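# how would this look folded up:
(one chain, ligands or ions: 3)
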Amino acid sequence: MVTGGAGFLGSHLCERLLERGDEVLCIDNYYTGRRYNIQGLLKNPNFEAIRHDITHPLYVEVDEIYNLACPASPVHYQFDPVQTLKTSVHGAINVLGLAKRVKARIFQASTSEVYGDPTVHPQPESYWGNVNPIGYRSCYDEGKRAAETLFMDYHRQHGVRVKIARIFNTYGPRMHPNDGRVVSNFIMQALRGEPITVFGQGQQSRSFCFVDDLVRAFMKIMDTEDDFLGPVNIGNPNEFTIRELAEIIIELTGSKSDIIEMPLPPDDPKQRQPDISLAREKLGWEPTMQLREGLKPTIDYFLKIVNEEI
Ligand code: NAD
Ligand code: UDP
Ligand code: UDP
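Numbering: from 1, shown residues only. Ligands and ions are numbered 1, 2, ... in the order given. As a prediction, the model looks like this:
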């Protein structure tokens, strides 16, 4: 079962699981996901999709659960912050209750946002974070932190077999074109010849992982022994400033767009880079796709959207 299976990451995960021969049940309320993302999978007899909001209980029989349901971009998760928190917290309680009843392994898509605006760089899993509990990003950050707590407590109290991944910024085909994230914004702006909107001076940094690398790690994590719970960082440690990203996208798209500066949103983390030593050691995993390489198929996907082929 993949919650959020019609989203960006979830749809790629469903596809990989089906390729491996698994039967996949996709659960999604299409809040930020799109039917287009799973359209190609619907003809596969091993694939089934249910429209369902995970803040409500769900009774199904499954043996592995990937919990990805949650809006992920700041624009989407701040649109209805109460629903974002409900999805992380009530949603986690429901999927954990389900995992407990059917004795399923359960994977949580947590986030680098649990580190907030980090004071330790790069961020190892042992760092407890620097999160504002009452700011605009809190519905997401604190929701994901509470979900991690619930996962650990269901494990300690009820013996549920849990796995937690802390995902760093990821990009690739099937990102939502209007989700306001930096990669989708910059590529759409570049392809339309609109100004590239760098927030602040663009000196803040992020480390971008290509979706295929990330999904490979999810499946490796699920397949680890029961005593491996995580949390484990998953991301690409190659760090870029936002201005560098803008310049690379202009170059790769051959765009004539200018770069303009816009106000920096509140609580915007200044830097972010995963320490992936634990993933290397425990999973034998590291990303293989570098930014320029991964941006090419991503740009091709957005080009289809701009040309209204999707
Ligand atoms: P996305 O918005 O494309 O996917 C989320 C999916 O969850 C969507 O299909 C949405 O419709 C669904 N959803 C939301 N609320 C739901 C609810 N209450 N019930 C059922 N379905 C619901 O985002 P994504 O980038 O694919 O992110 C997937 C997961 O990975 C999220 O949990 C996100 O927090 C986490 N994550 C993503 C990134 C990233 O860079 N993409 C980074 C860190 C963590
Ligand atoms: N739950 C669910 N599907 C199941 C089992 C449980 O959706 O197959 C939900 C149910 O709503 C419950 C929650 O998970 O409230 C937590 O379950 P748990 O067993 O921990 O708690 P309880 O049932 O005692 O509230
Ligand atoms: N950003 C930007 N211009 C945009 C969108 C985002 O400069 O049009 C910046 C944003 O301020 C942040 C970084 O890019 O510093 C990454 O933003 P995103 O929303 O993709 O992810 P997150 O902040 O959650 O890492």
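# Going by residue numbers, what spans are helices in the stretch 151-300 of the chain?
182-192, 211-222, 242-253, 277-283, 291-306 (DSSP state H, counting those that start in this stretch).
# quick one: buried residues of the fourth one?
For helix 277-283, the buried set under the neighbour-count rule, 16 or more other Cβ atoms under 10 Å, comprises 278, 279, 283. In short, each C-beta sits where N, CA and C put it, glycine included.
# Would you tell me which one of these comes nearest to ligand 3?
Lowest distance from ligand 3 to the buried residues of helix 277-283 (Cβ to the nearest ligand atom) belongs to residue 279, with 19.1 Å.
# Could you tell me the model confidence score at that closest one?
Residue 279 carries a pLDDT value of 98.
# Please report the distance of it from residue 72.
Residue 279 sits 20 Å away from residue 72, going by Cβ to Cβ, to the nearest Å.
# what does residue 123 give?
Distance check for residue 123 against residue 72: by Cβ to Cβ, it reads 18 Å.
# again, but for residue 222
20 Å.
# now do residue 30
15 Å.
# More neighbours: these two, which one.
Between residue 30 and residue 72, residue 72 has the larger neighbour count (other Cβ atoms under 10 Å), namely 25 against 13.
# A helix includes that one, no?
No: read with DSSP: H, G, I helix; E, B strand; the rest coil, residue 72 is coil and lies in no helix.
# My guess is residue 46 contacts residue 20. True?
No: at 10.2 Å, residue 46 does not count as touching residue 20 under the criterion of Cβ atoms under 8 Å.
# out of these two, which sits in the more crowded spot?
Neighbours were counted for residue 46 and for residue 20 using other Cβ under 10 Å; residue 46 has more, 12 against 9.
# Now the more buried one: phi and psi?
Residue 46 adopts backbone torsions of phi -90, psi 0, taken as degrees, to the nearest 10.
# before we move on, what about the one 5 residues further on?
The phi and psi values for residue 51, taken as degrees, to the nearest 10, are phi -80, psi 120.
# State the distance from it to ligand 2.
From residue 51 over to ligand 2 the distance is 16 Å, taken as Cβ to the nearest ligand atom, to the nearest Å.
# Same question for residue 257.
47 Å.
# Please shift the residue numbers so they start at 56 in all later answers.
Got it, first residue is 56 now, which makes that one residue 312.
# and that residue, what does it touch?
For residue 312, the contact set (Cβ atoms under 8 Å, 6 or more residues apart in numbering) comprises 244, 245, 248, 249, 250, 251, 305.
# Which positions in the stretch 256-365 of the chain make contact with ligand 3?
259, 261, 297, 320, 323 (Cβ under 6 Å from any ligand atom).
# The same query, at a cut-off of 8 Å, please.
Within the stretch 256-365 of the chain, the positions adjacent to ligand 3 are 257, 259, 261, 297, 300, 301, 317, 319, 320, 323, 324, 327 by Cβ under 8 Å from any ligand atom.
# burial measure for the first one, as a count.
Think residue 257. By the criterion of other Cβ under 10 Å, residue 257 has 21 neighbours.
# Return the backbone torsion pair for residue 151.
Per degrees, to the nearest 10, the backbone of residue 151 is at phi -70, psi -40.
# Correct me if wrong: it contacts residue 210.
No: at 9.1 Å, residue 151 does not count as touching residue 210 under the criterion of Cβ under 8 Å.
# list the residues that contact both of these two?
residue 217.
# how far away is residue 350 from ligand 2?
40 Å.
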